[in-house]
Structure formats: C-alpha cells, structure tokens
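1. Following is a predicted model, sequence given first.
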Amino acid sequence: MAKRFSVTFLKSGTTVQVSEDERVLYAGLQAGVALASECRRGMCKTCMVLVDGVIDQSEAFLISDAELAQGYALICVGRPRSDLRVHA
C-alpha cells in the first residue's frame with residue numbers, strides 16, 4: 001500500500017492527503033485549489049513554487065540544482081516523500 005502524506009497549499013489553506021504515487025498538482029486541482037500549470041510534464045516551469053518538505057523531482061526536466069537547493073519544485077511532476085507545505 002502506498003504511503004500518504006498531508007500536503008497543505010498555503011494560499012488557500014487547503015490540506016489534502018496525497019499518495020506517494022500521486023502528483024502534487026493533480027491532488028491540489030482535484031481539491032479545488034487554483035494552481036498555475038501549463039505543460040504538466042515538468043518542462044515549462046509554470047507550476048514552480050517553493051515547497052517545504054521532501055518532494056520527488058526525478059521527472060522535473062527544467063529545474064536547476066540551484067532552484068532545488070532554494071526549495072523550489074515543479075509540482076506537476078512532483079510526488080510527496082514527506083508532509084509538504086506548498087507556497088501556492
């Protein structure tokens with residue numbers, strides 16, 4: 001069984017339970033959170049936001065090491081690996 005994590009979208013105050021196999025963007029959209037996105041494949045940076053916590057970015061193509069080090073993530077392809085606070 002996949003692990004589930006609490007993901008809080010700070011601007012709306014919405015918290016959802018997200019499976020480790022689920023993309024953060026899609027979970028937020030399903031919960032009715034207004035989130036910016038364009039390509040939904042990790043290639044345009046439209047969904048890039050600060051994220052507190054551990055998020056899998058193995059499918060994020062355009063994010064730099066410097067952006068990752070600053071806490072940014074592409075939530076369209078990001079999957080939670082801990083509870084998250086998303087600055088969106």
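-> All right, it came through fine.

2. need the contact list for the residue nearest to the spatial centre of the chain.
-> Central residue of the chain (Cα atoms, centre = their mean): I75, 2.9 Å from the mean position. Counting by Cβ atoms under 8 Å, 6 or more residues apart in numbering, I75 makes contact with R23, V24, L25, G28, L35, C47, M48, V49, V51, I55, V86, A88. (C-beta placed from N, C-alpha, C; glycine too.)

3. and if you look at L10?
-> Taking Cβ under 8 Å, 6+ apart as the criterion, L10 is in contact with R85, V86, H87, A88.

4. For this protein, which segments are assigned as strands?
-> For the chain, applying DSSP state E gives strands covering 4-9, 14-19, 48-52, 55-56, 72-74, 79-80, 84-86.

5. and among the ones you listed, the most buried is which?
-> Across the strands of the chain, averaging neighbours per residue (mean count of other Cβ atoms under 10 Å) puts strand 72-74 on top, at a mean of 26.

6. Neighbouring strands - and their directions - for it?
-> strand 48-52 (antiparallel) (DSSP bridges).

7. hmm, back to that, distance of the residue nearest to the centre of the chain from A66?
-> Distance, I75 to A66, by Cβ to Cβ, to the nearest Å: 18 Å.

8. Same question for L50.
-> 14 Å.

9. Then A2?
-> As for A2, its distance to A66 is 31 Å (criterion: Cβ to Cβ).

10. and if you look at M43?
-> Applying Cβ to Cβ, the value for M43 to A66 is 18 Å.

11. Which one's more surrounded, the two?
-> Shown here are M43 and A66; by other Cβ atoms under 10 Å, M43 has more neighbours (16 against 8).
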